[in-house]
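K.L.:
got a predicted structure plus its sequence, pasted below:
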Amino acid sequence: MTASSRGYWTVWTATLLFFVAFYTLLVPLPLYLAGVGLPDWLVGVVMGAFGVASLFSRPLAGLLSDRWDRRYIMLIGAAALFVGAAGVSLTAFPPLLFVLRLLQAVGYVAFTTAGTALVSDLAAPEERAARLAFFGIAANVAMTIVPAAVSAFLDRLTIPGALTLAGLLAALGGALALFVPSLRTPVNGPQPAWRELLRPPAVLLLPMAASWLLGLGFGAYLQFVPLLAERRGLGPAGLIYSVYGVSIILTRLVTGRRLDQGDRVPILRAAFLILAAGLAIFALAYSMPLLLVAAACVAAGGGILHPAFIAIHVERMAPAERGRAVGFFYLGFDLGVGLGAWVLSPILQTFGLTGMYLFAAVATAAGVFLVHRVALRVQAAPATG
């Protein structure tokens, strides 16, 4: 095994540990906030701090990942999640809980941005998309298994114990990242002002727009499926998420190498259409088997588009700016999830779940018209900082 391959698997394992930590928080955190007496609206405020912080810190995390050693940014991210998770059970003071949630978000953003950039460094150009696709499986495995496992064992583990365990696992993932060899690309020449570096370069605007559409479709699935299953009397949504997790892992395994071979346009167009089809099935489904088919379609479309768009962002930037490239991909994607929810909510209010999911399907299908220009393999721009 080469040093590059060992480094890749070390980052993969560190990321798996980090996401196990992150998803360990999913069940106990809202239960803790409610248990210490916070009203529902304040629980929502504290939990919502994550989305706001992650959105605004993405470009900065990308920039810092280029300026400093990417491994140290991962360590800082792990430390932030450690404090943000383990510290929760030590307080019931709402402002402090809000700050701890912000730390969780900053840790998540720093670790995932730097880790993805580091994997891009470790992968040869001809296999970068495939490596990124398989790298994403670490998060998918954790999402598929951990929340259900924590729910099953929460009585024995206890809520404070689960919060502490999340912090310790995050710390372990950060420490493991230090064993990866440093592959920093030196930055030469004068460095522009930070304000310029935090602004998306023109070459990334179309890929970010396509990533926004992906985020909107994924957000419609992730945030509204429990409501859909409940209102249509189809039982708990847990099985839907499990099918999604298994399906996206299989998709990444099967299609990852194809993203590095020849013209990407056909497979990316097909992926947008599959994602849109899944959302349309959600709109019209009144049985659990159809909901599971819809979840598998959303997973298949997203499992292709997500690593492909990361690779496209990275290819359009210089090696010294891969952190920025990853950060701007996630900025577009996160904006799709967050602002997409704001766009979809009034449609849900007016036209119900059927209308909302049909709108999301049509909007996502529009990605087909962006693919040709987005998927062009352009020469990376020279480093600007």
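P.N.:
Sure, I can see it.
K.L.:
in the helix or strand where Met208 lies, what's buried?
P.N.:
Using DSSP states H and E, Met208 sits within helix 205-231. Within helix 205-231, the residues scored as buried using 16 or more other C-beta atoms under 10 Å are 206-221, 224-225, 228-229. C-beta: built from backbone N, CA, C; applies to glycine.
K.L.:
what does whichever helix or strand comes after it rub up against?
P.N.:
Secondary structure here is assigned by DSSP H and E; on that basis, the next helix or strand after helix 205-231 toward the C-terminus is helix 238-255. For helix 238-255, the external contacting residues (C-beta atoms under 8 Å, 6 or more residues apart in numbering) are 133-134, 136-137, 140-141, 143-145, 147-148, 221, 225, 229, 267, 288, 291-292, 295-296, 298-300, 302-304, 307.
K.L.:
same thing with stretch 165-176?
P.N.:
Outside of stretch 165-176, the residues that reach it under the criterion C-beta under 8 Å, 6+ apart are 10, 13-18, 20-22, 24-25, 74-79, 81-87, 107, 111, 157.
K.L.:
per-domain residue ranges of this protein.
P.N.:
By the assignment in automatic domain parsing, the chain contains the domains 3-179, 199-374.
K.L.:
export these to CSV and tack on mean pLDDT?
P.N.:
Converted to CSV, the domains of the chain look like this (pLDDT from 0 to 100):
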stretch, mean pLDDT
domain 3-179, 88
domain 199-374, 87
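K.L.:
can you give me the helices for the stretch 1-150 of the chain?
P.N.:
Taking DSSP state H, counting those that start in this stretch as the criterion, the stretch 1-150 of the chain contains helices spanning 3-24, 28-35, 40-67, 70-86, 94-122, 128-157.
K.L.:
hmm, back to that, can I have the buried ones of the contacts of helix 238-255 as a ChimeraX selection?
P.N.:
Selecting only the buried members of the contacts of helix 238-255 in ChimeraX, with burial defined as 16+ other C-beta under 10 Å, works like this:
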select :133,134,136,137,140,141,143,144,147,148,221,225,229,267,291,292,295,296,298,299,300,302,303,304,307
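K.L.:
from Ile310, how far out is Arg316?
P.N.:
Counting by C-beta to C-beta, to the nearest Å, the gap from Arg316 to Ile310 is 11 Å.
K.L.:
look at these two and report which has more neighbours.
P.N.:
Counted by other C-beta atoms under 10 Å, Arg316 and Ile310 do not tie: Ile310 has more neighbours, with 28 against 23.
K.L.:
quick one: list the elements packing against the helix or strand containing the more buried one.
P.N.:
Remark: Ile310 resides in helix 288-315, with elements defined by DSSP H and E. If contacts are counted by 3 or more C-beta pairs under 8 Å, 6 or more residues apart in numbering; DSSP states H and E, helix 288-315 sits against helix 94-122, helix 128-157, helix 205-231, helix 238-255, helix 265-284, helix 322-365.
K.L.:
just checking, Ile301 touches Phe218?
P.N.:
Quick fix: residue 301 reads Gly, not Ile. No: assessed by C-beta atoms under 8 Å, Gly301 is found out of contact with Phe218, at 9.0 Å.
K.L.:
which non-adjacent residue is nearest Phe179?
P.N.:
Taking C-beta to C-beta, 6 or more residues apart in numbering, and ignoring the residues beside it in sequence, Phe179 has Thr10 as its nearest neighbour in space, at 5.4 Å.
K.L.:
what sits against the one you found?
P.N.:
With contacts defined as C-beta under 8 Å, 6+ apart, Thr10 is in contact with Leu176, Ala177, Phe179, Val180.
K.L.:
please name the residues that touch Leu268.
P.N.:
Leu268 sits next to Ile304, Leu305, Ala308, Val371, Val374, Ala375 when contact means C-beta under 8 Å, 6+ apart.
K.L.:
picking that back up, and the angle for the helix holding Met208 with helix 238-255?
P.N.:
Orientation check (axes from the mean of the first three to the mean of the last three C-alpha atoms, to 10 degrees): helix 205-231 against helix 238-255 gives 150 degrees.
K.L.:
so helix 205-231 versus helix 265-284, what angle?
P.N.:
Here helix 205-231 points in a direction 30 degrees away from that of helix 265-284 (the same axes, to 10 degrees).
K.L.:
what helices or strands is helix 205-231 leaning on?
P.N.:
helix 238-255, helix 265-284, helix 288-315, helix 322-365, helix 371-374.
K.L.:
the shortest one: which residues count as buried?
P.N.:
Residues of helix 371-374 classed as buried: Val371, Val374 (neighbour count, 16+ other C-beta under 10 Å).
K.L.:
off-centre distance for that helix?
P.N.:
The chain centroid and the centroid of helix 371-374 are separated by 22 Å under C-alpha atoms, centre = their mean, to the nearest Å.
K.L.:
about what we covered before: and Arg67, which of the helices and strands packed on helix 288-315 is closest to it?
P.N.:
Ranking the helices and strands packed on helix 288-315 by their distance to Arg67 (criterion: C-beta to C-beta) puts helix 322-365 first, at 8.1 Å.
K.L.:
thinking again about what came up before, could you let me know which of the contacts of Leu268 ends up closest to Tyr330?
P.N.:
Distance to Tyr330, by C-beta to C-beta, is smallest for Leu305 among the contacts of Leu268, at 13.5 Å.
K.L.:
spatially central residue for this protein, please.
P.N.:
Of all residues in the chain, the one closest to the mean position by C-alpha atoms, centre = their mean is Tyr330, 7.2 Å from it.
K.L.:
how near is it to Leu55?
P.N.:
Distance, Tyr330 to Leu55, using C-beta to C-beta: 9 Å.
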